[in-house]
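Peer 1: test case, fold it:
(one chain, ligands or ions: 1)
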Amino acid sequence: MINPHVIVIGAGLGGLCLAHGLRRAGIDVAVYERDVDESARPQGHRLHIDARGRKALAATLPEHLFSRLAATIRRPAPRVNGFDHHLRATGVFPLDDPTPEPGHAEMPAHTVIERHVLRRILLTGIEDVVHYGRRCVGYDTNGDGVTARFDDGSTATGSILVGADGISSAIRARRLPHARVMDTRARLIYGRVPLTPELRRTLPPAMFSVFNSVLGPDRRFVGIAPVADTLAVMFGCRRERLGLPDHDLRAAPGHHLRDLVQEHLTGWHPLMTRIVDAWDPDSVHPVVVHTSVPVPPWKPSNVTLLGDAIHAMSPAAGAGANMALRDASELTSALAAALTHHRPLLDAIGDYEHAMTTEGFRMVRVSAANATRTLGADPIQPG
Ligand SMILES: Cc1cc2nc3c(=O)[nH]c(=O)nc-3n(C[C@H](O)[C@H](O)[C@H](O)COP(=O)(O)OP(=O)(O)OC[C@H]3O[C@@H](n4cnc5c(N)ncnc54)[C@H](O)[C@@H]3O)c2cc1C
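Peer 2: Residues are numbered from 1 along each chain as shown. Next up, the predicted model:
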């Protein structure tokens, strides 16, 4: 069988992880990214990487990059703490800690990492196959091949096209036009607080864990997660409770959003208002929470999808990036095995899509249920 050339649309976490995996498996790959360069957009969020993400990274990255990643990350206590708005503990939820597979042990099963740090590591060593400033606007299939079209008029032809182009995927829009993404009506306001020595002393020691969930009246919520030398702090509630229409929410400067959140926290424990007061206004931004709606299985072709492009989910389970990395690793294994065992590539893509949608859509439902329970976000409406 001739070695396929794989075209990946999107140099996000999933697309880059796939590029590493394919290169490691000796499969030819090119990645096309709409941003003009790596720093074109702030890559703000902190990410919780779990054992699924760890396994995928260990399977796809060259060993030296996996070791570099493991050396970079912090090791928060593997649990999620629940508090009420007076900071009284309401529960401790230990996170599963499976025995690491050989070679994974240098990284814990649960860790937090800055998204831009992970992306930088994922970009290392594959710079020659990542093409920036190329927004894909569609594709055409022709016999055994597929040609991606870009907004600058250029094209790229390969044997397989992978849409790793995130929640607004142009590839999904063409491949599965019936697949929907819906607004959950949950709104988040996200910001960073420098973790000064004084704040370190003031925070309850239990808070130095993967995530802390502080639930107040009317399902208002604050999430707190230490990452590197900052606290990632997000406020959440339903859209209609926020007191700011979406248009204004998107346009509001950081200090206005901070003041709005402070109003919502009236009567909460003083440490909560102190933390939000210390938000770096430049880091404060809104997140409109969307989720994909699972779709029934489809017939495989040489155009497939991974990550948020097919199973975008509420961040309420901290799983979207882990799923995107897992997809990348699963797709790599499926294609590599097909080449080794001389199986048709379409069978391999079909197997991948089955595994990817089973777990990906399961996590979409879990994440939506978490968001509904915590924030009263809209449950997924069946398609
Ligand atoms: C507040 C928040 C917190 C989160 N926390 C976590 C967490 O703790 N753990 C976790 O696992 N997940 C978390 N997630 C989810 C996670 O961020 C996503 O699931 C993950 O980024 C998906 O990766 P991806 O590669 O599929 O898509 P993306 O990372 O979105 O990458 C898509 C890429 O495609 C590019 N692109 C888009 N359209 C085109 C086009 N037409 N042509 C070319 N390129 C294109 C984009 O520029 C982008 O670079 C969080 C999300 C949010 C919003």
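Peer 1: and for the residue of the stretch 1-150 of the chain found nearest the ligand, the neighbour number?
Peer 2: Of the residues in the stretch 1-150 of the chain, the one nearest the ligand is G12, at a distance of 1.8 Å by C-beta to the nearest ligand atom. Just so you know, the C-beta spots here come from the backbone N, C-alpha and C atoms, and that holds for glycine as well. G12: 24 surrounding residues under other C-beta atoms under 10 Å.
Peer 1: ok, it - contacts?
Peer 2: The neighbours of G12, taking C-beta atoms under 8 Å, 6 or more residues apart in numbering as the test, are R119, A164, D165, G166, G307, D308, A324.
Peer 1: low pLDDT regions in the protein?
Peer 2: 1-2, 42-44, 383 (pLDDT under 70).
Peer 1: got the domain ranges for it?
Peer 2: Per automatic domain parsing, the domain ranges recorded for the chain read 5-75+102-181+292-375, 185-290.
Peer 1: most packed of those domains?
Peer 2: domain 5-75+102-181+292-375 (a mean of 20; mean count of other C-beta atoms under 10 Å).
Peer 1: residues touching stretch 357-367, excluding its own?
Peer 2: Outside stretch 357-367, the residues within contact range by C-beta under 8 Å, 6+ apart are 291-292, 294, 297, 310-317, 319-320, 323, 326-327, 380.
Peer 1: interface residues of this structure facing the ligand?
Peer 2: Selection of the chain residues close to the ligand by C-beta under 6 Å from any ligand atom yields 9-15, 32-35, 45, 47-48, 135-136, 164-166, 170, 188, 190, 287, 307-309, 315, 318-322, 324.
Peer 1: for D229, grab phi and psi.
Peer 2: phi -100, psi 30 (degrees, to the nearest 10).
Peer 1: hmm, P194 and it touching each other?
Peer 2: Yes: counting by C-beta atoms under 8 Å, D229 touches P194, with 6.7 Å between them.
Peer 1: alpha carbons of stretch 189-200, as CSV, please.
Peer 2: Listed next in CSV are the C-alpha coordinates belonging to stretch 189-200 (Å, rounded to 0.1, in the frame of the first residue of the first chain):
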residue,chain,number,x,y,z
ILE,A,189,-15.9,35.0,33.0
TYR,A,190,-12.4,33.9,33.2
GLY,A,191,-9.3,35.6,34.6
ARG,A,192,-5.9,35.1,36.3
VAL,A,193,-4.7,36.2,39.7
PRO,A,194,-1.0,36.3,40.4
LEU,A,195,-0.2,33.8,43.2
THR,A,196,1.7,36.1,45.5
PRO,A,197,3.4,34.8,48.6
GLU,A,198,0.7,36.5,50.6
LEU,A,199,-2.2,34.9,48.6
ARG,A,200,-0.4,31.5,48.9
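Peer 1: identify the residues contacting it?
Peer 2: Contacts of stretch 189-200 (C-beta under 8 Å, 6+ apart): 44-45, 226, 229-236, 254, 257-258, 260-261, 275-276, 278-281, 283-287.
Peer 1: show me how far it is from its chain's centre.
Peer 2: 22 Å (C-alpha atoms, centre = their mean, to the nearest Å).
Peer 1: out of the domains of the chain, nearest to F93?
Peer 2: Across the domains of the chain, F93 has its closest neighbour in domain 185-290 (8.9 Å, C-beta to C-beta).
Peer 1: sorry, back to before: the residues of the chain next to the ligand in helices, which ones?
Peer 2: Among the residues of the chain next to the ligand, the ones falling in helices (DSSP state H) are L13, G14, G15, A170, D308, A309, G320, A321, N322, A324.
Peer 1: all helices for the stretch 151-300 of the chain, in order.
Peer 2: Taking DSSP state H, counting those that start in this stretch, the helices of the stretch 151-300 of the chain run over residues 170-175, 197-202, 239-242, 246-251, 254-264, 270-277.
Peer 1: packing partners for the shortest one?
Peer 2: If I follow you right, that is helix 239-242. Where contact means 3 or more C-beta pairs under 8 Å, 6 or more residues apart in numbering; DSSP states H and E, helix 239-242 is packed against strand 181-194.
Peer 1: between helix 254-264 and the strand it packs on, find me the angle.
Peer 2: Inter-element angle recorded for strand 181-194 and helix 254-264: 100 degrees (by axes from the mean of the first three to the mean of the last three C-alpha atoms, to 10 degrees).
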